[in-house]
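Trainee: Okay, here's the prediction I keep looking at, along with the sequence it came from:
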Amino acid sequence: MARLFCVDGTNLVRAAYGYGGEAHRAQEQHDGEVLVDAFAGLCERVGAGVEVEVFFDGAFRAMPGGPANLDVTFSREASADELILDRIRAKVWAGSGSVTVVTADTELGRTAQAEGAKWLRAPHGASPLGLVRKIEERFTR
């Protein structure tokens with residue numbers, strides 16, 4: 001059974017780099033692509049033991065491709081938080097392995113824990129690439 005990581009992509013990018021809004025849309029897109037690339041590398045290195053879904057708020061945007069155990073989801077009208085919680089509930093209800101939410105959002109992290117997931121707390125200002133390394137270390141011990 002693969003371990004699922006639900007990554008709050010918009011939150012991680014904004015918490016790491018401290019920006020948002022229309023004026024920074026291009027930079028945020030670039031940093032989102034870097035985040036997806038980093039998780040794609042993790043999925044390739046770890047293989048079938050991990051499944052990663054990166055959630056972004058808003059409409060679909062082009063993102064880099066990746067291996068089969070990586071998905072990128074856009075919330076469209078809903079919030080990424082709602083989709084993450086729905087994914088947790090489905091996985092927990094099915095009894096199909098553990099779920100870890102990766103976010104700097106305290107409210108989402110606590111709600112995810114209440115729903116049966118684990119929470120990998122991303123401190124504000126933390127490098128998303130550092131978080132990917134931290135997750136990878138769990139599989140290489």
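Mentor: Right, received. Where do you want to start?
Trainee: Average pLDDT for the lengthiest helix in the chain, rounded please.
Mentor: Criterion DSSP state H: the longest helix present in the chain is helix 25-46. Helix 25-46 shows a mean pLDDT of 91.
Trainee: If you count neighbours, what's buried in that helix?
Mentor: Of all the residues in helix 25-46, those buried under the rule 16 or more other C-beta atoms under 10 Å are 28, 31-33, 35-43, 46. Glycine gets a C-beta too; all of them are placed from N, C-alpha and C.
Trainee: before we move on, what about stretch 106-123?
Mentor: Neighbour counts using 16+ other C-beta under 10 Å place Leu108, Gly109, Thr111, Ala112, Glu115, Ala117, Trp119, Leu120, Ala122 of stretch 106-123 among the buried residues.
Trainee: what residues does that stretch touch?
Mentor: 5-6, 8, 11-12, 15-16, 81, 84-85, 88-89, 92, 98-104, 128, 131, 134-135 (C-beta atoms under 8 Å, 6 or more residues apart in numbering).
Trainee: Show me how to select, in ChimeraX, the buried members of the residues you listed.
Mentor: Selection of buried members from these for ChimeraX, criterion 16+ other C-beta under 10 Å:
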select :5,6,8,11,12,15,16,81,84,85,88,99,100,101,102,103,104,128,131,135
